[in-house]
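1. Structure, please.
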Amino acid sequence: MVLSGLAALVVSVSAWRQAQVALSLASASTLTFAGTSTVRSWSCAAPVMTATVDAASRDAASAILSGEKAVRSVALTIPVASLDCKNGTMNGHMWKALGKDQHQTIEFSLSGYELAGAAEARTGTLTGTLRIKGAAQPVSLPVKFADAGGGALRVQGSHVLTMTDYGVAPPTLMLGTMKVGPAVTVSFDLVLKP
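-> Residues are numbered from 1 along each chain as shown. Predicted coordinates:
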């Protein structure tokens, strides 16, 4: 009796594992963040990102566009050392503010999402946890979904965050004459492919 129950459990776990489909982040994906200072506006990018996406099937893109919740989990990781402002001095100040040596990644993990709108204009809200400099905060991200072709799903959105909520002190330069504002707008255009 115990053996047959154990065998049934092994078969069901095996079937569940086979139903899992990992989606990956296409190289066309982008994530930028921008802000202001007392001198000028600035913008930086995250050219290196990894995502672990667990979907119910290989056609998760069409399922989501049809209004079905076909993605189970998402974990996005960005190495702090890869963040680039196209200016060596700015990069150094940013890495220092983010505590690059102690906190080597920025991470987002999805806890849930809602879908709205019609297939050709599918929108939604992603909820999850954003971890920066070791501080985790809940976030709610309005997004747009679109067919990226070849079975891929495009997810676009933006979110304004306050650096100090994550223990990040906005950099101050030139003896305090240049101060970076605490608000940062994060914009993303992610393409998830089977």
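2. Quick check: mean pLDDT of stretch 124-144?
-> Average pLDDT, stretch 124-144: 97.
3. contacts for it?
-> 74, 98-99, 102-103, 106-116, 121-123, 145, 155-157, 159, 161, 165-168 (CB atoms under 8 Å, 6 or more residues apart in numbering). Where C-beta positions appear, they are placed from N, C-alpha and C, glycine not excepted.
4. Name the residues of stretch 82-96 that are buried.
-> Within stretch 82-96, the residues that count as buried by 16 or more other CB atoms under 10 Å are 83, 85, 90, 91, 93, 94.
5. Which one of these is nearest to residue 191?
-> Within these, the smallest distance to residue 191 is 20.1 Å, found for residue 83 (CB to CB).
6. Could you list the paired strands of the one helix or strand residue 129 maps to along with their orientation?
-> According to DSSP states H and E, residue 129 maps onto strand 123-132. Sheet pairing of strand 123-132 (DSSP bridges) gives strand 105-116 (antiparallel), strand 135-149 (antiparallel).
7. in stretch 54-68, what counts as buried?
-> Within stretch 54-68, the residues that count as buried by 16+ other CB under 10 Å are 54, 55, 59, 60, 61, 63, 64, 65.
8. Just checking: what are the partner strands of the helix or strand encompassing the first one?
-> In this assignment (DSSP H and E), residue 54 forms part of strand 50-55. According to DSSP bridges, the neighbouring strands of strand 50-55, each with its direction, are strand 21-25 (antiparallel), strand 71-79 (antiparallel).
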